[in-house]
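Undergrad: Compute the structure for the input listed below.
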Amino acid sequence: AGGAASEPAKHPPAWRAIATASLPLFGACLAEPTLTLIDTACVGRFGTARAAGLAALSVNAACFDLISNVLATLCTASTNVIGAAAPKGPAAARRATLVSVFIGASIGTAVSVALICASGPLVRSVFKLGPAAGVAGRALAYMRIRALGVPVVCVNYVLYGAVLARGDTSVAAPAVAASALCNICLDLLLVGRLGWSTAGAAVATVVSTGVACAVVLRAVLGVLRDEAAAGEA
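TA: Numbers count the residues shown, from 1 in each chain. Modelled structure (predicted):
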């Protein structure tokens, strides 16, 4: 009774906690639109047949930004699932992470196949692009190549969720920055130097998405190794 009462634990302000949790997610959701913006700028500035290239990219920007916004729910879902499994122990968290990655890859593969198969009708019937000036051909090339990267986008969102569920908010910014820098360099090479136009921009975006995924994957693997070591100790 004579001892001094212990002071209550201090918690950060609510706004800081919300910002810390939401800003990395906001950055992750901006990654794909940022790559589309870089593609549009490089094709418009350095591409061959710039008007046709910009017309082809305009419809693809609408299509892939919509897909990206829908698939971003995988980040929220995986954060909740892995976060709920974490109190049960490292093994449960690891299992939830692996299952989430598998589900994300499966959804991404299904979306990729569907988009590639539907690319012709989408370009010609929905977006009404004709053969004039090669706009339809450029739009199809971009759509089909970039569709190959959709499974990587889905896995990337799941991996963002895996690190956010563990309270790590430091990975999103380096991943987005590395992806954007890679995309700029590859666009300058493939679009500006080699003249691949929209096809080159799509290749650059797919590779850049893979770079972002590699950055986040490295962080997740490090966390899983640390959890496994802690469980064995």
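Undergrad: just the helices in the chain please.
TA: 14-46, 50-71, 73-85, 90-121, 135-147, 150-165, 172-187, 197-232 (DSSP state H).
Undergrad: quick one, what contacts the residue most central in space within the chain?
TA: Central residue of the chain (CA atoms, centre = their mean): Val153, 4.3 Å from the mean position. Val153 makes contact with 32, 68, 71, 108, 209 under the criterion CB atoms under 8 Å, 6 or more residues apart in numbering. In this view, the C-beta of every residue, glycine as well, is placed from N, C-alpha and C.
Undergrad: my read: the first one touches Phe64, true?
TA: Yes: contact criterion CB atoms under 8 Å: Glu32 and Phe64 qualify, at 6.6 Å.
Undergrad: Show me what counts as buried in the helix or strand of the chain with the lowest mean pLDDT.
TA: The weakest-scoring helix or strand in the chain, judged by mean pLDDT, DSSP states H and E, is helix 14-46 (a mean of 82). Neighbour-count burial for helix 14-46 flags 24-25, 27-32, 34-43, 46 (criterion: 16 or more other CB atoms under 10 Å).
Undergrad: now the angle from that helix to helix 197-232?
TA: Per axes from the mean of the first three to the mean of the last three CA atoms, to 10 degrees, the angle that helix 14-46 makes with helix 197-232 is 150 degrees.
Undergrad: Helix 14-46 packs against which elements?
TA: helix 50-71, helix 73-85, helix 150-165, helix 172-187, helix 197-232 (3 or more CB pairs under 8 Å, 6 or more residues apart in numbering; DSSP states H and E).
Undergrad: Pick the most deeply packed of those helices.
TA: Comparing the helices and strands packed on helix 14-46 by mean neighbour count (mean count of other CB atoms under 10 Å), helix 150-165 comes out on top with a mean of 27.
Undergrad: angle of that helix against helix 135-147?
TA: 40 degrees.
Undergrad: what angle do helix 150-165 and helix 172-187 make?
TA: 160 degrees.
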